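**Student:** Sequence and predicted model, in that order:
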Amino acid sequence: MAAEKLSFKGIRDFIVNGIGFHNADLKRDDRVIIEDLFKRSVLKILCTTTTLAQGVNLPAHLVVVKTTRLYISGQLQEYDANTVIQMLGRAGRPQFDQTGVAVIMTRVESVRLYELLCKGAYDVVESKLSENVTEHINAEICRGTIKDVAGAVTWLKHTFFWFRMQVNPMHYNVKDNPEAFDRKLKELCTSSMQDLEEAGLLSYDEECFDVIPSEGAFLMAKFCISLETIKLFNSMRFCDSTADVLTALSSSKELSDVKLRRAEKRPLAELNKKVRYPVKSKTIKISEEKVFLLIQISLGELFEGNEEFGLRQECPRILSIAARIAKCFHEYILVNPEDLFFNALDAAVFISNSLENRVWADWSAVLKQLPGIGAAMSKLLSNAGIRDFNALEETHPRMLEQILKKNPPFGNEILSKVSVIPKLSMDIKTQKKGSAWEVSVSCVVRKRQGCTTDNVTGWFILYAGRRGGRINFYNRFKARLGSTTVHKIFVLEEPGELEKQPLRVIFISDDYAGVQESRDCLAKAIVGDQKMAPSASQTAPAAAPTAKKKKPLAGGCAHTCLNKRTCRHKCCNESFENLYLPAATGSSKRTTTQDNLMEMRSKNLGFATRVDSLLPPRAIDSRNDFPKTDFDLNVGAPSAMDASNFETSFLPLLPRANRAESPPLPPKINLTDSPPLPPRVNLAAQSPPLPSRIDLTNTSPHSEAHPIPDEFCLAREPAAHSNTLDHDEHQKEHASYDEMFASLFQ
């Protein structure tokens with residue numbers, strides 16, 4: 001039965017005969033089934049790789065290491081000593097065996113090595129410096145420790161690499177003599193410096209022949225980037241799109257250790273249909289394509305379910321490394337601005353900003369950058385039409401709580417967190433000066449509503465250029481909330497350039513994704529000393545790639561009329577009736593908005609008595625008479641709202657009573673014409689004692705022996721539910737009260 005549950009049919013026949021296979025290519029569910037069968041001794045033999053010895057606790061009586069060599073970078077190399085010890089440690093079951101048996105099958109040349117390993121005498125640690133000696137020499141050159149080849153050789157002689165090379169020269173492919181050691185060090189230093197010079201990271205002083213590091217060398221040391229990745233940056237300078245930059249980053253050396261497993265090809269092929277930049281091939285064949293897809297999947301929150309558990313585990317590490325590489329590439333391409341193209345810089349800034357904040361900078365999920373808002377809440381806000389920080393700022397806190405299904409004061413807390421995020425705007429003026437244009441850009445970092453601090457600062461980037469052309473201006477600066485900085489850009493007027501492409505000016509926050517402002521200027525149609533209003537697509541992030549055309553608001557139209565009940569739009573009148581009026585007679589159904597409203601009224605939220613307070617956000621934003629109210633959560637109701645001006649209440653409507661079915665009312669008595677009341681009588685002295693119990697059911701309605709004065713027959717108004725009383729019961733009620741009054745005045 002267990003064999004039939006395996007998704008990989010190739011091992012079902014082996015499972016039936018008591019033989020199992022375990023490796024990283026199997027799906028997680030298949031691995032769990034095989035591990036459980038081996039623990040229960042259903043499987044007697046388990047063929048596995050070294051990965052099983054790392055974390056899964058599956059002890060066995062006998063462990064056989066079939067070989068001690070494996071392919072690493074195309075070469076057969078011996079297993080690491082720690083890996084062999086981990087495999088041998090699986091021998092012996094504590095609950096069943098007193099001892100364990102381990103067998104190592106290796107070459108004759110390695111027998112002595114593993115004999116020492118079994119005795120515990122093989123604890124030698126070798127140096128790995130020779131694999132990354134170029135990066136280390138570059139870092140020491142930037143620090144000023146190394147200035148020439150001789151200084152590099154001296155520095156290497158003070159490392160652990162030099163000590164181990166003299167003790168174990170065979171491990172480092174060096175002959176056992178001092179001259180060979182010095183020759184090896186000099187070759188390493190000379191080749192490393194030549195590689196750095198070819199990459200444009202070093203230069204030599206003509207007078208003293210000292211090495212001089214370039215700005216790119218400092219960036220390489222600052223971000224811990226390999227030389228191969230720096231060479232890749234030189235070819236990425238001419239990238240024309242975001243997809244090209246992302247493809248190049250995925251093939252960097254820092255991400256080369258990511259492996260593509262066979263079981264991951266199918267889920268990656270399915271996710272390839274949902275990403276922004278899909279792979280052209282139908283199947284995923286190399287690890288670079290896997291990295292390329294996982295970066296997009298993580299930024300777009302495309303994982304669904306728990307089937308891709310292994311892929312989810314790899315994403316945080318890949319994003320962390322990719323963000324560091326993208327940040328270095330962003331700064332590296334600015335080293336030579338005369339050779340920098342606008343498209344490459346725009347793509348580098350976009351990728352760096354997105355990876356740093358773990359979300360696409362132009363996607364509707366940028367709100368998940370706020371503390372307390374995750375992917376699920378950002379999706380709810382996006383479905384409600386709130387896709388950027390500006391729309392979130394203008395939304396009422398009670399509306400946020402209704403959308404996110406949270407209790408107060410959650411909405412106020414979210415708005416207080418949004419208030420510290422900068423709000424960007426630009427004022428651009430152009431002026432002709434000779435053969436050039438002077439573009440004056442005033443970058444304004446505005447405060448949002450509710451911001452009470454002036455000590456919030458952040459980093460911002462301003463750059464300008466033409467699409468397909470070279471960069472004209474770049475500046476990264478630090479500014480405070482509420483400040484304004486002016487930047488001047490000088491652009492030479494080239495023949496025919498104004499007709500082809502306008503000058504694109506982009507003002508972006510380097511701390512938050514989705515906070516930016518962009519304008520076009522210096523086109524023939526807009527040149528002049530006037531401010532240019534941004535287009536609608538420039539002021540708000542774009543929607544998700546899979547989003548369709550925006551639908552009308554639920555229950556009605558999307559018009560922003562002040563009073564939808566008196567509006568001339570037919571759709572407005574219908575939406576008002578569908579959303580806010582109770583259901584028709586004979587139907588007990590209510591809309592979701594009415595149910596939510598009644599629930600808020602039960603919580604004593606004072607704002608819920610106004611119809612317009614629950615209109616869609618866009619309708620609230622466009623009205624000029626909506627009171628700017630500060631809610632006091634301790635009081636429960638806004639002070640600026642007056643209940644007397646409300647046009648409609650959401651209290652449920654009760655059915656009107658049919659007065660035609662009610663019994664006739666007795667005539668009213670004019671008490672002014674009645675005779676004066678008799679003097680007070682002492683009932684205790686003159687009247688006989690009252691009976692202990694009066695049986696009202698046996699008394700007649702009007703006793704002839706004790707008539708009731710007319711002044712005691714009081715006229716009474718019918719109750720609100722009088723239409724439901726039977727006429728006979730109504731008469732009996734009158735009679736019972738009359739009899740009681742008669743007995744009291746005997």
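**Tutor:** Cool, got the structure.

**Student:** Next, work out how far apart A221 and L196 are.
**Tutor:** The gap separating A221 from L196 is 11 Å, by C-beta to C-beta, to the nearest Å. Just so you know, the C-beta spots here come from the backbone N, C-alpha and C atoms, and that holds for glycine as well.

**Student:** With neighbour numbers in mind, choose between the two.
**Tutor:** L196 (25 against 19; other C-beta atoms under 10 Å).

**Student:** ok, the more buried one touching E135?
**Tutor:** No - using C-beta atoms under 8 Å as the test, L196 is too far from E135 to be in contact (9.6 Å).

**Student:** Mutual contacts of these two, please.
**Tutor:** Common neighbours of L196 and E135, using C-beta atoms under 8 Å, 6 or more residues apart in numbering, are L227.

**Student:** rewinding a little: could you tell me which residues touch both of A221 and L196?
**Tutor:** Contact criterion C-beta under 8 Å, 6+ apart; residues shared by A221 and L196: N138.

**Student:** For the stretch 301-450 of the chain, which segments count as strands?
**Tutor:** In the stretch 301-450 of the chain, the strands defined using DSSP state E, counting those that start in this stretch lie at 423-433, 436-446.

**Student:** Please enumerate residues in contact with the host helix or strand of L249?
**Tutor:** Taking DSSP states H and E as the criterion, L249 maps to helix 242-250. Here helix 242-250 makes contact (C-beta under 8 Å, 6+ apart) with 232, 235-236, 239, 255, 277, 288-289, 291-292, 295-296, 322, 325-326, 329, 344, 347-348, 350-351.

**Student:** Show me just the buried residues among those.
**Tutor:** 232, 236, 239, 255, 277, 288-289, 291-292, 295-296, 322, 325-326, 329, 344, 347-348, 350-351 (16 or more other C-beta atoms under 10 Å).

**Student:** Would you double-check that I212 falls in a strand?
**Tutor:** Yes - the assignment for I212 by DSSP: H, G, I helix; E, B strand; the rest coil puts it in a strand.

**Student:** pretty sure it contacts Y204?
**Tutor:** Yes - counting by C-beta under 8 Å, Y204 is a contact partner of I212 at 7.1 Å.

**Student:** and the gap between the closest residue to H487 other than its chain neighbours and F490?
**Tutor:** If the residues on either side of it in the chain are set aside, H487 comes closest to V441, at 4.8 Å by C-beta to C-beta, 6 or more residues apart in numbering. To F490, V441 is 12 Å away according to C-beta to C-beta.

**Student:** When those two are compared, which one has more neighbours?
**Tutor:** Set V441 next to F490 and count neighbours by other C-beta under 10 Å: V441 wins out with 22 against 11.

**Student:** Identify the residue nearest K5 in space, chain neighbours excluded?
**Tutor:** Computed as C-beta to C-beta, 6+ apart, the closest residue to K5 that is not its neighbour in sequence is I33, at 5.9 Å.

**Student:** burial count for that neighbour?
**Tutor:** 19.

**Student:** Show me the shaky parts of the stretch 401-550 of the chain.
**Tutor:** For the stretch 401-550 of the chain, applying pLDDT under 70 flags the ranges 493-500, 523-550.

**Student:** can you map out the helices along it?
**Tutor:** 410-418, 497-500, 536-539 (DSSP state H, counting those that start in this stretch).

**Student:** Could you double-check that I489 lies in contact with I471?
**Tutor:** No - in this structure, I489 is not within contact of I471 by C-beta under 8 Å, at 10.7 Å.

**Student:** okay, and the common contacts of the two?
**Tutor:** Common neighbours of I489 and I471 are listed as A464 (criterion: C-beta under 8 Å, 6+ apart).

**Student:** Report the buried residues of the helix ranked longest in the chain.
**Tutor:** If you go by DSSP state H, the chain has its longest helix at helix 309-332. Neighbour-count burial for helix 309-332 flags 311, 314-315, 318-319, 321-332 (criterion: 16+ other C-beta under 10 Å).

**Student:** other SSEs contacting it?
**Tutor:** Applying 3 or more C-beta pairs under 8 Å, 6 or more residues apart in numbering; DSSP states H and E, one finds that helix 309-332 makes contact with helix 215-222, helix 227-236, helix 242-250, helix 287-300, helix 342-357.

**Student:** Show which residues not belonging to that helix make contact with it.
**Tutor:** In contact with helix 309-332 (C-beta under 8 Å, 6+ apart) are residues 28, 216, 219-220, 222-225, 229-230, 233, 236, 245, 249-250, 252, 254-255, 258, 261, 263-264, 267-268, 291, 294-295, 297-298, 303, 348-349, 351-352, 355-356, 358.

**Student:** distance between the ends of stretch 201-213?
**Tutor:** 6 Å (C-alpha to C-alpha, to the nearest Å).

**Student:** Ok, stretch 60-77 next?
**Tutor:** Start-to-end, stretch 60-77 (C-alpha to C-alpha) is 27 Å.

**Student:** What are the buried residues along that stretch?
**Tutor:** Result for stretch 60-77 [16+ other C-beta under 10 Å]: buried residues A60, V63, V65, T68.

**Student:** those helices in the stretch 51-200 of the chain, which residues are they?
**Tutor:** Counting by DSSP H, counting those that start in this stretch, the segments of the stretch 51-200 of the chain that form helices are 81-88, 111-119, 133-143, 149-156, 160-167, 178-198.

**Student:** What ranges in the protein fall below the confidence cut-off?
**Tutor:** 1, 54-56, 73, 121-123, 305-307, 493-500, 523-568, 570, 572-738, 740-746.

**Student:** Tell me if I'm right that P278 and L271 touch.
**Tutor:** No - taking C-beta under 8 Å as the definition, P278 is not a contact partner of L271, at 9.3 Å.

**Student:** Those two: which is more packed in?
**Tutor:** L271 (21 against 15).

**Student:** how about that one, what does it touch?
**Tutor:** L271 neighbours (C-beta under 8 Å, 6+ apart): L293, I297, L302, E308.

**Student:** Specify which member of those is nearest to G120.
**Tutor:** Checking these against G120 with C-beta to C-beta, the nearest one is E308 at 42.2 Å.

**Student:** Now for the closest one: which residues touch it?
**Tutor:** E308 neighbours (C-beta under 8 Å, 6+ apart): P267, L271.

**Student:** For K186, give its distance to S192.
**Tutor:** 11 Å.

**Student:** what's the nearest residue to N23 once chain neighbours are set aside sitting at in phi/psi?
**Tutor:** Spatial nearest neighbour of N23, excluding adjacent residues (C-beta to C-beta, 6+ apart): T49 at 4.8 Å. The phi/psi pair for T49 (degrees, to the nearest 10) reads phi -100, psi -180.

**Student:** Which residues are in contact with T49?
**Tutor:** Counted by C-beta under 8 Å, 6+ apart, T49 has contacts H22, N23, A24.

**Student:** L462 now?
**Tutor:** V441, C443, F473, Y474, N475, F477, H487, V505, I506, F507, I508.

**Student:** related to what we said a few turns ago, tell me which entries of the buried residues of stretch 60-77 lie within strands.
**Tutor:** V63, V65 (DSSP state E).

**Student:** Out of the helices of the stretch 51-200 of the chain, which gets nearest to K9?
**Tutor:** helix 81-88 (28.8 Å).

**Student:** Would you mind pulling up the elements that the closest one packs against?
**Tutor:** Using 3+ C-beta pairs under 8 Å, 6+ apart: helix 81-88 touches strand 62-65, strand 101-104, helix 111-119.

**Student:** if you set the cut-off to 6 Å instead, what comes out?
**Tutor:** Other helices and strands packing on helix 81-88, by 3 or more C-beta pairs under 6 Å, 6 or more residues apart in numbering; DSSP states H and E, are absent; none qualifies.

**Student:** now the angle from it to helix 111-119?
**Tutor:** For helix 81-88 against helix 111-119, the angle by axes from the mean of the first three to the mean of the last three C-alpha atoms, to 10 degrees is 70 degrees.

**Student:** Report the buried residues of helix 81-88.
**Tutor:** A81, T83, V84, Q86, M87, L88.

**Student:** Kindly format the C-alpha coordinates of that helix as CSV.
**Tutor:** Coordinates of each C-alpha in helix 81-88 appear next as CSV, following Å, rounded to 0.1, in the frame of the first residue of the first chain:
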residue,chain,number,x,y,z
ALA,A,81,36.6,14.2,6.5
ASN,A,82,33.6,15.6,8.3
THR,A,83,31.3,14.1,5.7
VAL,A,84,32.8,10.6,6.1
ILE,A,85,32.5,10.9,9.9
GLN,A,86,28.8,11.9,9.6
MET,A,87,28.1,8.8,7.4
LEU,A,88,29.9,6.5,9.8
